[in-house]
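Undergrad: fold the stuff below for me.
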Amino acid sequence: MRPTGAGGAKVSINQTQIENNTHGIRIDGLAANGTIRVHVRDSVIAGNANNGVFATATVGTTTTFLERNGITGNQT
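TA: Next comes the predicted model:
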């Protein structure tokens, strides 16, 4: 997720397999002034080449809720 400008985002990910990618879930608030809220529930995030879950922001904020997930075998 990467909103820009004054925008933000509300994201819900449920019962999803996120496997064998470059990044699992990447929440990028570097280009946004708004708030990014992400809720990941009952999912698998595994075998990704970089972070399983990664969040960053400068001016805006990111809030990430992780509930009942399997997060394993990611490289960093």
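
Undergrad: from now on I want contacts and neighbour counts done on CA atoms only, so please keep to that.
TA: Will do.

Undergrad: who does residue 18 bridge with?
TA: Beta-bridge pairing for residue 18 (DSSP bridges): residue 45.

Undergrad: how near is residue 66 to residue 26?
TA: 13 Å (C-alpha to C-alpha, to the nearest Å).

Undergrad: same check, this time on residue 51
TA: 8 Å.

Undergrad: looking at those two, which is more packed in?
TA: residue 51 (21 against 16; other C-alpha atoms under 10 Å).

Undergrad: now do the contacts for the more buried one.
TA: 23-25, 74-76 (C-alpha atoms under 8 Å, 6 or more residues apart in numbering).

Undergrad: now the residue nearest to residue 25 when sequence neighbours are not counted: how far from residue 26?
TA: Of all residues not flanking residue 25 in the chain, residue 53 sits nearest, at 4.8 Å (C-alpha to C-alpha, 6 or more residues apart in numbering). Residue 53 sits 6 Å away from residue 26, taking C-alpha to C-alpha as the criterion.

Undergrad: sorry, back to before: ok, the residue nearest to residue 25 - how many residues close by?
TA: Neighbour tally, residue 53, other C-alpha under 10 Å: 17.

Undergrad: so what does residue 16 look like in phi/psi?
TA: In terms of degrees, to the nearest 10, the main-chain angles of residue 16 are phi -130, psi 140.

Undergrad: what sits against the residue nearest the centre of the chain?
TA: Residue closest to the average C-alpha location in the chain (C-alpha atoms, centre = their mean): residue 25, at 3.7 Å. Taking C-alpha under 8 Å, 6+ apart, we find residue 25 in contact with 18, 51-54.

Undergrad: give me the buried positions along stretch 37-52.
TA: Residues 37-38, 40-41, 43-52 are the ones in stretch 37-52 that count as buried (16 or more other C-alpha atoms under 10 Å).

Undergrad: how about stretch 56-63?
TA: 57, 60-62.

Undergrad: so among those residues, where is pLDDT lowest?
TA: Ranked by pLDDT, these bottom out at residue 60 (83).
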